[in-house]
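Undergrad: Need a 3D model of the following:
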Amino acid sequence: RMETDCNPMELPSNTGFEENSDYRDFEGTDVKDMRLEAEAVVNDVLFAVSNMFVSKTLPCAEDVAYINVETRERNRYCLELTEAGLRVVAYDFDQTDDRLQTPYHETVYSLLDSLSPAYREVFGNALLQRLEALKKESQS
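TA: Numbering: from 1, shown residues only. Below you'll find the predicted structure:
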């Protein structure tokens, strides 16, 4: 179980949330949390891809959510988000292909970096602009 403002990749595997009965009694809390985690992932990188949204077709469960992404190269993917990380589960929106054995990535940044050179360029440029703005701020 995770709190919504945590990145599951940063949590050690034995955080003790399981023992906390306060979190157990809210029906549907876990499903909402994984969906919120997926929404946070989308909001983080939406500017650097053509389209990205949490799947409304595939079910969110206690331990999984699905995210559709279209890169700037116009390639479509369905991503699975679990505590293990993110991985491609299909090469189209709202699909899963059990035969695909793609590796997990700890972050959405590393996953998109491996899929989309255009993402890498846009994200890198945004980072540079932010650094330039910080530099100007500190000089004034």
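Undergrad: Flag every buried residue along the helix or strand residue 136 falls within.
TA: Per DSSP states H and E, residue 136 falls inside helix 117-139. Buried residues in helix 117-139, counted by 16 or more other C-beta atoms under 10 Å: 118-119, 122-123. Glycine gets a C-beta too; all of them are placed from N, C-alpha and C.
Undergrad: wait, what's in contact with the residue sitting nearest the centre point of the chain?
TA: Residue closest to the average C-alpha location in the chain (C-alpha atoms, centre = their mean): residue 41, at 3.5 Å. The neighbourhood of residue 41, defined by C-beta atoms under 8 Å, 6 or more residues apart in numbering, consists of 67, 81, 86, 108.
Undergrad: 7 Å instead, please
TA: The contact partners of residue 41, by C-beta atoms under 7 Å, 6 or more residues apart in numbering, come to 67, 81, 108.
Undergrad: returning to what we had before: out of the buried residues of helix 117-139, who's nearest residue 74?
TA: Nearest to residue 74 among the buried residues of helix 117-139, counting by C-beta to C-beta, is residue 118 at 9.8 Å.
Undergrad: Pull the number of nearby residues for the residue lying closest to that closest one once chain neighbours are set aside.
TA: Nearest residue to residue 118, sequence neighbours excluded (C-beta to C-beta, 6 or more residues apart in numbering): residue 72, at 3.6 Å. For residue 72, the number of neighbouring residues by other C-beta atoms under 10 Å comes to 15.
Undergrad: Could you report the neighbour count for the closest residue to residue 53 other than its chain neighbours?
TA: Leaving aside its chain neighbours, residue 53 sits nearest to residue 68 (5.6 Å; criterion: C-beta to C-beta, 6+ apart). Residues lying near residue 68 (other C-beta under 10 Å) number 22.
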